[in-house]
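Peer 1: Just the structure for this:
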Amino acid sequence: MKKILSLILVTVLLLSCVSVLSSCGMKAKIAGTYEMVSISGTITQNGKTVNLDEDLYEYYRLTLNKDGSALVESKGKNNTSKVEQEAEWDYKDGVIKLKSVQMGITVVEEMEWNDGVITYEAKESGQGMTVNMKVTLEKK
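Peer 2: Numbering: from 1, shown residues only. This is a model prediction of the structure:
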């Protein structure tokens, strides 16, 4: 009986170690800088709608570091609108969860990851603004 319990315990520990190591391996594989290759959709604020496309941005990028930290950066063309948002990220089953604090509120956004390509879709509404967009980023 003791041998069976020991064998079960060792098996559980090995499976736990393999799970942790494979998770770390995926994080290392995913880590890097991703640049926007396409954006589509609309943003409506106070009755005014803007159609989104790549020409609106000088750059839009997401940097995912191996330690779980992240940085979202974007800059609009023809203006000084610049965003730099620090965040934390994690990965599980094809989904990246990006967690940040914006104006004192914790926000968690989910993005699909598939072989160096991140796809993010947002359909949100609040405070006089409606966002309906899809962004695709590719690893540099």
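
Peer 1: In a helix, Ser100, correct?
Peer 2: No - applying DSSP: H, G, I helix; E, B strand; the rest coil, one finds Ser100 to be strand, outside a helix.

Peer 1: Tell me how far it lies from Val131.
Peer 2: Counting by C-beta to C-beta, to the nearest Å, the gap between Ser100 and Val131 amounts to 16 Å. Heads up, the C-betas are built off the backbone N, CA and C, glycines and all.

Peer 1: ok, now Lys97?
Peer 2: In this view, Lys97 and Val131 are 19 Å apart by C-beta to C-beta.

Peer 1: just Met111 next, same as before
Peer 2: 15 Å.

Peer 1: quick one: which of the two has more around it?
Peer 2: Counted by other C-beta atoms under 10 Å, Met111 and Val131 do not tie: Met111 has more neighbours, with 20 against 15.

Peer 1: And that one, what's its pLDDT?
Peer 2: Turning to Met111, the model gives it a pLDDT of 97.
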